[in-house]
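just a sequence and a predicted model for now, questions to come.
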Amino acid sequence: MSTKPKPTGPGPDGSESAPRRSDLLRGLTAAFALALRACPGALATRVATVVVAGAAPIAASWLLKYVVDGLTSGDFRVADLTWAAAGIGLLTVALAAGAAVSSYADGRIRRATGTRAQSELLEAVNRLSGLSRLEQPAFHDRLQLAIQSAQGAERLVGAALQGAQGLLTMTGFLGSLLLISPVLTLIVVAAAVPALFAQLANSRHRADLFWRTSNLARRQIFYRGLLTDSQAAKEIRLYGLGPYFARRLREDLDGINGQEERLDRRLVRHESALAVLGAAVSTGALVWGVHQAATHALSAGDVSLLVAALAGVQTSLISLVGCIAQSHQTALLFDHFLYVTQVTDDLPAPVAPVAVPALRRGIELRDVWFRYTDDGPWILRGLDLTIPYGTSLAVVGLNGAGKSTLVKLLCRLYDPQRGSISWDGTDLRVLSAEELRRRISVVFQDPMEYDLTAGENIGLGDLDALHDQERLRAAATDADIHTALARLPQGYDTMLSRMFFPDDTEESATGVQLSGGQWQRLALARALMRSGRDLMILDEPGTGLDAVAERHVHDRLTTLRQGATSILVSHRMGTARAADLIVVIADGTVQERGSHEELMALDGAYAELFTTQAEGYEETVR
Ligand SMILES: Nc1ncnc2c1ncn2[C@@H]1O[C@H](COP(=O)(O)OP(=O)(O)OP(=O)(O)O)[C@@H](O)[C@H]1O
C-alpha cells in the first residue's frame, strides 16, 4: 500500500485560487478550540503569561518615570522611590518567571494539541466507510498535507498569543505616549500604520508563494519517497532511475528557491525602507522630547517614558507583524487539517440503519451499474446475479472484467450508481456498513503485509482472538503456513519486518521477510480466523502460491467452504470448476452461468478459457 502522494494540479484539489483572508480567522478559531479541548489548563496559564508579559513593560516604564521625575525635581519621599524601584524589580522578576512558565505551558500545549490533532485526523479518516475518497488524488494530497500540518494548531495558537502580547504592549505604550503628547502619538501611529500594512501585504505575498509552490513541494515528497522506498528500490535500481528522479527533485527545489529568492529581494527593499522610516520617526521624536525637556515643557521622567514607549511600540509592532505573517502560512496549511477532519462520509449512512441478520436466503445483485468516477468508464453495466445461501460461487473472466470490483461492492466499499445489492432481501445501503463487514471474511487480491509479528498478522482477522494461540495455529494450518511459521526464529512471535522490532528484542535482532506466496498464505490464514462468518470471499487466493501449495490450500478451502456461502475469484480454471455455480463476467455483465459441466456443454467463453488453460498445461507437459 503506497502512502506516497501523487502530484496533481497547482493547489490542493488542483484549484488555482489562493486561499481567502477568512481562512486565517477560521484557522485561528479552530486552533484555539482544539487547544481548549486538548489542554484547557495550559492554555489558561499561557493567556495569563501573555497578560503579564504584555503589561509589565508598560507598568515598569511608568514606575521609572515616577523615579526619574522624583530624583530630578528633588521633591520626593525616599520610601516612595524605594517602593517604586522595588516595584520595577518585582516586575522584572515577574517577567522572567512568566517567560519560564510560558515556555513550560507552550510545551504542554504543543504535546497535547499535537496528539489530539493526530487522533482527530485519524478518527476522521476512519469515519470514511468507503474507498472512493481515499482514492481521489486531490483528497489524498489534502490528507498528506493535513498530516504534516497537525502541529499547525499549536503554532497558530502560539503565534496568536504572541501577537496578542505585542498588541497589548503596543496599545499600552501608545496610551502612555498619548498622555505625553497627542501629536507625538499621532506621528508614531502614522509611521507604524504603513509599516503594518506593508508587512501584512508581504505576509500575503509569502502565503501566495507558498500556495503557488505547494504543488512543487508535494512533488518533492513524491520523489523523495521513490528514492527512499524499499519497495520502489528494485525498479529504481534495475532501470537506473535514481539520478533521473534526483534531478527532477533538484529542478523542483530550484524552482521553489528561485521564486523565494525573487520575493525575498523585493521584500528586503520594502523592509529596509520601512526600517529607515521607523528609525527616522523615533529619532525625530526623541530629539523633540529632549528639546521639550530642555525648555521645561516635558519632565525628565516624560522623556524616559517617551524612550521606553518608542522602543516598545517598535518592538511590539515587529513582533505583531511577524506573528501575523506566521499565522497566515500556518493557517493555510492548517486549512487542510480542517478540511479532512470535517469531510463527510463517502458512503451515505442509512438514516435508520437496519441490523444485519445472519444470511439465510442469499445475496442478490439487480441491474448493478458501477463506475469509479463520474467521468470514468462503466465497469459494471446492469449486472444481475443471485448467490443463494450455502452456494459456492466461482467468478471468472478476463483481466479488467470487473471481478474485484464486484467483490468490493459486495463489501460495500462503494455503492453502485444504479441498481441494488441486497442481503436477504435488504438493500446494503440501509444496513450498517460496519456490521455488514463483520459478517464477511475476505482475502483481497492485494492483501496487506503488516510490519507486525506472524501471530499478529493472522490474529488481525479477528481482534478478539488476537492472542488465542490455538485459533492462530488452526488458521495457519488451514492456510498451510503453520510449519513455515513454527520454524521462524521466534515462531509466531517473529517480527515480519526489516524496519521494526518487538519492544523487548535487542536492536541487533533482525526481522524476517516472507516470500510473496507465504504472505499470501498468511493473508488466507487471517481470513480463515473469520471462517465462521456468513460469507467468505477469496479474490485470487492462489496468486503467488506454487502448484503444490495451491493444491493443498484448494483442498482445504473446498472442505471449509462446504455448506457455507462463498465466492471465489480465480484465473485458475482447475480451482474454479469445483464450485456449485460458476459465472463468467464480461462487458460488465454476467455472460454465462452454470456448473462446470453445463458451461462446458455450452461451449462458450468459459469452455474457451478452460480448454485454453488445459491445453497450455498439456503442451508444457509434452
Ligand atoms: N480504484 C479504482 N479506480 C479506478 N478504476 C479502477 C479501480 N480499480 C479498478 N479499476 C478499473 O476497473 C476495471 C475492473 O477492474 P477489476 O480489478 O475489477 O478487474 P478484475 O476483473 O478483477 O481484473 P484482474 O483479473 O486483472 O484482477 C479495470 O479497468 C480497472 O482499471
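Thanks, I have the structure now. It should be emphasised that the depicted structure is a prediction, and the values quoted were computed from it without experimental measurement.

residues near residue 346, how many?
19 (other C-beta atoms under 10 Å). Using the backbone N, CA and C atoms, a C-beta is placed for each residue, glycine as well.

surely it is in a strand?
No. Counting by DSSP: H, G, I helix; E, B strand; the rest coil, residue 346 falls outside a strand, being coil.

following the helix or strand of the chain with the lowest mean pLDDT, which helix or strand shows up next?
For the chain, counting by mean pLDDT, DSSP states H and E, helix 547-561 ranks last in confidence among helices and strands (a mean of 70). For helix 547-561, the following helix or strand on the C-terminal side (DSSP states H and E) is strand 565-569.

what about residue 351, neighbour count?
Residues lying near residue 351 (other C-beta under 10 Å) number 6.

quick check: the gap between it and residue 432.
12 Å (C-beta to C-beta, to the nearest Å).

can I get the CA coordinates of stretch 420-431 in CSV?
The C-alpha coordinates for stretch 420-431 follow below in CSV (Å, rounded to 0.1, in the frame of the first residue of the first chain):
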residue,chain,number,x,y,z
SER,A,420,-29.2,-2.6,-5.9
ILE,A,421,-27.3,-5.3,-4.0
SER,A,422,-29.4,-6.9,-1.3
TRP,A,423,-28.6,-9.2,1.7
ASP,A,424,-31.5,-11.5,2.3
GLY,A,425,-33.7,-9.0,0.5
THR,A,426,-32.4,-5.9,2.3
ASP,A,427,-30.5,-3.3,0.3
LEU,A,428,-26.9,-2.9,1.5
ARG,A,429,-27.5,0.9,1.6
VAL,A,430,-29.8,0.6,4.6
LEU,A,431,-27.5,-1.8,6.5
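
quick check: buried residues in it?
421-424, 428-429, 431 (16 or more other C-beta atoms under 10 Å).

give me the subset of those residues touching the ligand.
With C-beta under 6 Å from any ligand atom as the criterion, those include none near the ligand.

and which of those residues is nearest the ligand?
Nearest to the ligand among the buried residues of stretch 420-431, counting by C-beta to the nearest ligand atom, is residue 421 at 15.2 Å.

next secondary structure after whichever strand or helix holds residue 318?
Here residue 318, judged by DSSP H and E, is contained in helix 300-341. Beyond helix 300-341 in the direction of the C-terminus, DSSP H and E gives the next helix or strand as strand 362-370.

please identify the pairing partners of that next one and their relative orientation?
Here strand 362-370 is paired, per DSSP bridges, with strand 380-388 (antiparallel), strand 418-423 (antiparallel).

quick one: average pLDDT of that strand?
Regarding strand 362-370, the rounded mean pLDDT is 96.

what do you get for stretch 232-243?
Mean predicted confidence for stretch 232-243 is 88.

from the contact counts, what lies against whichever strand or helix holds residue 274?
If you go by DSSP H and E, residue 274 is part of helix 242-294. Helix 242-294 is packed against helix 182-212, helix 214-228, helix 300-341, with contacts defined by 3 or more C-beta pairs under 8 Å, 6 or more residues apart in numbering; DSSP states H and E.

the inter-axis angle of it versus helix 182-212?
Computed by axes from the mean of the first three to the mean of the last three C-alpha atoms, to 10 degrees, the angle separating helix 242-294 from helix 182-212 equals 180 degrees.

got the residues of this structure near the ligand?
With C-beta under 6 Å from any ligand atom as the criterion, the chain comes near the ligand at residues 135, 372, 379, 397, 399-405, 445.

now the two most distant members of those residues.
Using C-beta to C-beta, the two most remote members of these are 135 and 397, lying 22.1 Å apart.

which of these two has more neighbours?
A direct count of neighbours by other C-beta under 10 Å for residue 135 and residue 397 places residue 397 higher, at 22 against 13.

Serialize the strands paired with strand 362-370 to TSV and add fields for mean pLDDT.
Rendered in TSV, the data for the strands paired with strand 362-370 read as follows (pLDDT from 0 to 100):
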stretch	mean pLDDT
strand 380-388	96
strand 418-423	96
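
of all the ones you listed, which lies closest to residue 252?
For the strands paired with strand 362-370, distance to residue 252 was read as C-beta to C-beta. The smallest value, 39.8 Å, belongs to strand 380-388.

quick check: next helix or strand after that closest one?
Next helix or strand after strand 380-388 toward the C-terminus (DSSP H and E): strand 392-396.

next, the angle from that next one to strand 362-370.
20 degrees.

strand partners (parallel or antiparallel) of strand 392-396?
Strand pairing for strand 392-396, determined by DSSP bridges: strand 565-569 (parallel), strand 581-586 (parallel).

point out the most buried one among those.
Neighbour counts (mean count of other C-beta atoms under 10 Å) averaged over each of these peak at strand 565-569, with a mean of 25.

centre of the chain versus the helix or strand that it is followed by, how much separation?
Sequence-wise, the next helix or strand downstream of strand 565-569 (DSSP H and E) is helix 573-576. Counting by C-alpha atoms, centre = their mean, to the nearest Å, helix 573-576 is centred 42 Å from the centre of its parent chain.

can you list the low-confidence ranges for the stretch 101-250 of the chain?
191 (pLDDT under 70).

chain center to stretch 396-409, what's the gap?
Taking C-alpha atoms, centre = their mean, one finds the center of stretch 396-409 at 30 Å from the center of the full chain.

now stretch 152-160: buried residues?
Buried residues in stretch 152-160, counted by 16+ other C-beta under 10 Å: 152-160.

which of those residues fall within helices?
Under the assignment DSSP state H, the buried residues of stretch 152-160 contribute 152-160 to helices.

hmm, back to that, could you identify which of the strands paired with strand 392-396 has the lowest mean pLDDT?
In terms of average pLDDT, strand 565-569 trails the rest of those, at a mean of 90.

contacts for that one?
359, 362-363, 387-396, 403-404, 406-407, 410, 445, 534-541, 557, 561, 575-576, 579 (C-beta atoms under 8 Å, 6 or more residues apart in numbering).

quick one, what contacts the residue nearest in space to the middle of the chain?
The centroid of the chain falls nearest to residue 147 when counting by C-alpha atoms, centre = their mean (3.3 Å). Residue 147 sits next to residue 121 when contact means C-beta under 8 Å, 6+ apart.
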